[in-house]
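[1] okay, sequence plus prediction incoming.
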Amino acid sequence: MHQGQRGTEPATITNGYAQLAANVLARAKACGATEADIVVADGETFSVQVRVGTVDRLTKAREKRLGLRVFIGKRSATTSTSDFSQDSLERLVADTCTLAKAVVEDEVSGLPDGAQMATDQPSLDLYDETVLDTETQIDWAKRGEAAAFATDPRITNSEGAEFDSSSGRVVLANSHGFVGSYKSSNFSLSVSPIATESTTGAMQRDAWYEVQRKFARLASAESIGQEAAGRAVRRLGARKVATKRVPVVFDQDMAGSLLANLCGAISGYGLYKRASFLLDQLGQTIASDLMTVYDDGRMAGGLGSRPFDGEGLATRKNMIVERGVLRSYLLDTYSGRKLGLPSTGNASRSVGESPSVGPTNFYLVPGLKSAQEIIGSVKEGLYVTELIGFGINMVTGDYSRGASGFWIENGELAYPVEEITIAGNLKQMFKDIEVIGSDLVFRGRIASPTLKISELMVAGN
Amino acid sequence: MLEPVQLAKFGVTELEAQHALDRLNVRDVDYADLYFESRTSESVSMEEGIVKRAAKSISQGVGVRATAGEKTGFAYSDELTKKDLEIAADTARYIANSPQGASPVPVPTQRRPTRDLYPIERAKAEVATADRVALLNAIDAEARRYDPRIKNVMASFNTEYKVVAVATSDGTLVGDSQPLSRLQITCIAEDGDNRQVGSFGGGGRVGFEYYLEDNRHLSYAREAAREAILNLSAVDAPAGVMPVVLAGGWPGILLHEAIGHGLEADFNRKKTSAFSSLLGKRVASDVCTIVDDGTLPFRRGSLNMDDEGTPTSCTTLIEKGILRRYITDKLNARLMGIPLTGNGRRENYQSVVLPRMTNTFMLAGESDPQDIIRSVKKGLYAVSFGGGQVDITNGKFVFSASEAYLIEDGQITKPVKGATLIGSGPEILTKVSMVGHDLKLDNGIGTCGKDGQSVPVGVGLPTIKIDEITVGGTQR
């Protein structure tokens, strides 16, 4: 621990949970556990929703939770509780050990080797101690929504604007003697206005949002509201188009959804279960040579950053795809052992569940073209700004989702479109990436610039 | 399971609950409630032929709410001391903007739900881990026996037991015990380089014996294996507008996405739903009558009472094609001046109440399912679906087939790969031209997401014919 730095713990609080964790670990050992780890998370959340100028909902809470995983030899079980009383924790330990004895031995199960545990815990700029009063947060939501209404007379209604702030801490300890801790915070504003077409009464909703670790980094409420309004208004008059095969340009968020699909396909759990369309592809070309992808767990202030992963291994920057060639999977200890590979530091852990794999800050390296230039390069095609539904088969890569956006004619956005689908196969889609934009912005844990796929089937009329 | 409400289970006295309600019930507050919840959930899962994982989670807490006009103040706590209740109450009443302690609330009268839709003793809902392990082992063996091309079987069995109590400022104190379980199976089939997936599952507010009756668990395993093997021979799905026949049961997810969400009262009060101005108007062909029914015994979407203590009911949403009712909770029913339907639901004590569906289905019609298929020259027959989603405001919805076939000259021919179907909620049911006499409810696997909250739901459908809908395949 680098005590005293921003983002690390005052010694007393960490020591409180560290002591609690030590007690639970000792108790587990007494019950027959050969190894164990424990996660304690607590936090405070505040949320206000404003709709048409007045407060619609105000929510405030504190919560805490403790998750325990024990190994009895090669058998394991996981439990969690929100009750930290001594009685409850004693029962929890006993229950966990009983459960573990009921399952079957699993050869590769166990904690990571003790030597692999993270030795440094940098602060990563994840925590902001700013405490906002209720009125300030209500004011942010009100200003965001008001800006949306003021942007265009066709904004006639609203699903509301929401301001959220939360902060919390995570403590992870295991029977190797590892104790790690970090604090983090989030501040976010989202605005969801509704635009109405005066002639037909048809409505369109859209939204814009921003999330930051630091309050001071949030864009102005006004700019978020204006962006949301612009997005809702531009959808008015949307129509279906005829079924045809065309080039498709994905805006930043939709391109990010394709990267999220890539994340799923290279997650160790999908791979060893043979439930991914990218089996045995390490070192192989899986995408266009324009595509280079990193996962960086230590980006300062990143929404996916953390000093150590869900098993206490140091996070790092991994090259995932290098000019189209798959260089690394996303692995934790268990899925790595199943595949005969070391963990990549991507264990993600929700309290009370055994680790799984998740991205940290997962992004596609930007190219040189602006979004406008990319659209300009399309004679006839689709610019996708929203995708709905779950029509993705991770085993085969088959892809079919509801879409809306704009029809491109001669390099210009001609008119909005909706009630259409786009379909293809992800294996081919990654290879068919023809242009990557320059507009990479981190709005979440997964980020991508605009990109263009040479051809997909668009189904409409 | 009906039991007298015992706040003592939560370490709270009735006097403390009443005191907290008093503190909430300031001048401008229309309504306030306390929702106590204790939840135990357990899961075991298997893959690669071994039961590897077991998990158990326990949570308990209280959600405290006050509403004033359209405003809701909400707080929750996992500590249930008098002090925590007071802090939560002060947060919740902040929205009313008025001083404390205007009028005392009536002393809560104990009330019991009037019926018991899931009379399962807690002991029967809690099964020894060894029995769960044996259940999953049998499933793995059955799926692999179905066909040697089944290379992996992933199965999980989850149970939950929830005890809730609701104390309200209108003077009621009512509780319920809500068991829930689900068995889910996914098979991976491989034939050379061709790998495919098939899934099946079921459950409800049922005891463990439900899964063993007539070897129901083994039939689920065979269904998952059958779908995976079938998909090995599936051809690419067509793209474009065509007639689609939906099989009965789970394809009722169409109703949930296309019209159910759009009829939830909150969206209609705010006039943000594509259905906002359509009450009394035609939104479906006259062969369509659709209900939301929370009163079906043992069903996944059923409840003795909703999470505001209102008994659930059977609400006719669409009667012979005409939109009749919205789905309501107390807040929206009051603000809109429309009937309370008992659909106020929340995921847990940490979530606010929203109007949500229970079991949503279309009543049986008069057509013979075989005649329905025979009436299609070229189209799609969809039997099973994955998830769906809807944009409430413009009404566009999607749902994705996981088992489907081509219909050619009135005959079911080749299986096709999954494809997304997309349509417009207020229009799609006007294109339903035939409704079968074979109403089927789903097996109990549905989970509905709204505002980040998940609640268990059911759907149902007879075989129906939709004259035209856009199918999102890849082939012209």
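    Good, I have the coordinates. These numbers come from a predicted model, not from an experiment.
[2] in stretch A:56-74, what's buried?
    Neighbour counts using 16 or more other Cβ atoms under 10 Å in any protein chain shown place A:56-72, A:74 of stretch A:56-74 among the buried residues. Bear in mind the C-beta positions are built from the backbone N, C-alpha and C, glycine included.
[3] that one near chain B at all?
    Yes - contact of stretch A:56-74 with chain B (Cβ under 8 Å from any Cβ of the partner chain) involves A:56, A:57, A:58, A:59, A:60, A:61, A:62, A:63, A:64, A:65.
[4] show me what residue of the stretch 1-150 of chain A gets nearest to chain B.
    When scored by Cβ to the nearest Cβ, the stretch 1-150 of chain A has residue A:102 as its residue closest to chain B, at 3.7 Å.
[5] next up, the contacts around the closest residue to that residue other than its chain neighbours.
    Leaving aside its sequence neighbours, residue A:102 sits nearest to residue B:129 (Cβ to Cβ, 6 or more residues apart in numbering or on different chains; 3.7 Å). Residues in contact with residue B:129 (Cβ atoms under 8 Å, 6 or more residues apart in numbering or on different chains) are A:98, A:99, A:102, A:103, B:42, B:44, B:54.
[6] looking at those residues, which is nearest residue A:191?
    residue B:42 (40.8 Å; Cβ to Cβ).
[7] burial count for the closest one?
    Look at residue B:42: counted by other Cβ atoms under 10 Å in any protein chain shown, it has 23 neighbours.
[8] OK, contacts around residue A:308?
    Contact partners of residue A:308, counting by Cβ under 8 Å, 6+ apart, are A:117, A:118, A:121, A:172, A:180, A:182, A:314, A:315.
[9] rank those residues by pLDDT and give me only the lowest.
    The lowest pLDDT within the contacts of residue A:308 belongs to residue A:121, with 90.
[10] how many residues are close by the residue of the stretch 1-150 of chain A closest to chain B?
    Residue A:102, neighbours per other Cβ under 10 Å, totals 17.
[11] how much space separates it from residue A:79?
    Look at residue A:102 and residue A:79: by Cβ to Cβ, to the nearest Å, they are 13 Å apart.
[12] same check, this time on residue B:394
    With Cβ to Cβ as the criterion, residue B:394 and residue A:79 are 44 Å apart.
[13] who are the contact partners of residue A:410?
    A:379, A:380.
[14] so how far is residue A:378 from it?
    For residue A:410, the distance to residue A:378 equals 9 Å [Cβ to Cβ].
[15] got it, and residue B:202?
    Going from residue B:202 to residue A:378 by Cβ to Cβ gives 47 Å.
[16] also residue A:394?
    Distance, residue A:394 to residue A:378, by Cβ to Cβ: 29 Å.
[17] same check, this time on residue A:115
    Between residue A:115 and residue A:378 the computed distance is 53 Å (Cβ to Cβ).
[18] residue A:440 too?
    Relative to residue A:378, residue A:440 is positioned 21 Å away (Cβ to Cβ).
[19] who's more crowded, these two?
    Using other Cβ under 10 Å, the more surrounded residue of residue A:440 and residue A:378 is residue A:378, with 22 against 18.
[20] show me what contacts that one?
    By Cβ under 8 Å, 6+ apart, the neighbours of residue A:378 are A:247, A:249, A:408, A:411, A:452.
[21] what pLDDT does residue B:251 get?
    Reading off the model, residue B:251 has pLDDT 95.
[22] quick check: buried residues in stretch B:24-39?
    Across stretch B:24-39, burial judged by 16+ other Cβ under 10 Å covers B:24-26, B:28-39.
[23] spell out which residues of the stretch 201-350 of chain A are next to chain B.
    Taking Cβ under 8 Å from any Cβ as the contact definition, the stretch 201-350 of chain A meets chain B at A:201-205, A:235, A:238, A:240, A:243, A:273-275, A:279.
[24] go again using 6 Å as the cut-off
    Within the stretch 201-350 of chain A, the residues that sit near chain B (Cβ under 6 Å from any Cβ of the partner chain) are A:203, A:204, A:205, A:243, A:273, A:274, A:275.
[25] nearest to residue B:93 among those residues?
    Checking those one by one against residue B:93 (Cβ to Cβ), the nearest turns out to be residue A:205, at 31.3 Å.
[26] tally up the residues packed near that closest one, please.
    Neighbour tally, residue A:205, other Cβ under 10 Å: 20.
[27] for residue B:320, the count of nearby residues, please.
    14.
[28] that one - nearest residue in space that isn't next to it in sequence?
    That would be residue B:286: by Cβ to Cβ, 6+ apart, it lies 4.7 Å from residue B:320.
[29] and the gap between that neighbour and residue B:137?
    According to Cβ to Cβ, residue B:286 and residue B:137 sit 51 Å apart.
[30] so between the two, which is more surrounded?
    Taking neighbours as other Cβ under 10 Å, residue B:286 and residue B:137 compare with residue B:137 leading, 16 against 12.
[31] and the longest helix for chain A?
    Secondary structure of chain A per DSSP state H: the longest helix is helix A:11-30.
[32] and the residue of the stretch 351-461 of chain A found nearest chain B, what are its bridge partners?
    Chain B sits closest to residue A:421 of the stretch 351-461 of chain A, with a gap of 2.7 Å, by Cβ to the nearest Cβ. Counting by DSSP bridges, residue A:421 forms beta bridges with residue A:402, residue A:459.
[33] okay, and for the stretch 301-450 of chain A, where does confidence drop off?
    Nowhere does the stretch 301-450 of chain A drop to pLDDT under 70.
[34] try chain B
    Ranges of chain B meeting pLDDT under 70: B:1-5, B:97-113, B:123-125.
[35] of the buried residues of stretch A:56-74, which belong to helices?
    Short answer: these have none in helices (DSSP H).
[36] now for the helix or strand hosting residue B:187, which elements pack on it?
    With secondary structure defined by DSSP states H and E, residue B:187 is part of strand B:172-191. Contacts defined by 3 or more Cβ pairs under 6 Å, 6 or more residues apart in numbering or on different chains; DSSP states H and E place strand B:172-191 against strand B:109-111, strand B:150-168, strand B:194-204, helix B:216-232.
[37] and the strands in the stretch 51-200 of chain A?
    Ranges of strands within the stretch 51-200 of chain A are A:54-72, A:75-81, A:155-174, A:179-196, based on DSSP state E, counting those that start in this stretch.
[38] check those strands for me and report the most buried one.
    Mean neighbours per residue, mean count of other Cβ atoms under 10 Å in any protein chain shown, is largest over the strands of the stretch 51-200 of chain A for strand A:75-81, with a mean of 25.
[39] got the angle for that one vs strand A:54-72?
    150 degrees (axes from the mean of the first three to the mean of the last three Cα atoms, to 10 degrees).
[40] state the pair within the contacts of residue A:308 that is farthest apart.
    Most distant of the contacts of residue A:308, by Cβ to Cβ, are A:117 and A:182, 14.8 Å apart.
[41] give me the neighbour count for residue B:422.
    By the measure other Cβ under 10 Å, the count of residues near residue B:422 is 30.
[42] partner strands of the helix or strand harbouring it, parallel or antiparallel?
    In this assignment (DSSP H and E), residue B:422 forms part of strand B:420-424. Under the criterion DSSP bridges, strand B:420-424 sits next to strand B:396-408 (antiparallel), strand B:464-472 (antiparallel) in its sheet.
[43] in a markdown table: the ones you listed, plus mean neighbour count.
    Below are the strands paired with strand B:420-424 laid out as a markdown table (neighbours: other Cβ atoms under 10 Å in any protein chain shown):
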| stretch | mean neighbour count |
| --- | --- |
| strand B:396-408 | 24 |
| strand B:464-472 | 24 |
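[44] how about these, which one is nearest residue B:444?
    strand B:396-408 (17.0 Å).
[45] who's in contact with the closest one?
    With contact meaning Cβ atoms under 6 Å, 6 or more residues apart in numbering or on different chains, strand B:396-408 is reached by A:388-391, A:402, A:418-419, B:227, B:253, B:257-258, B:376, B:379-386, B:388-390, B:412-416, B:418-422, B:424-425.
[46] that'll do, ta.
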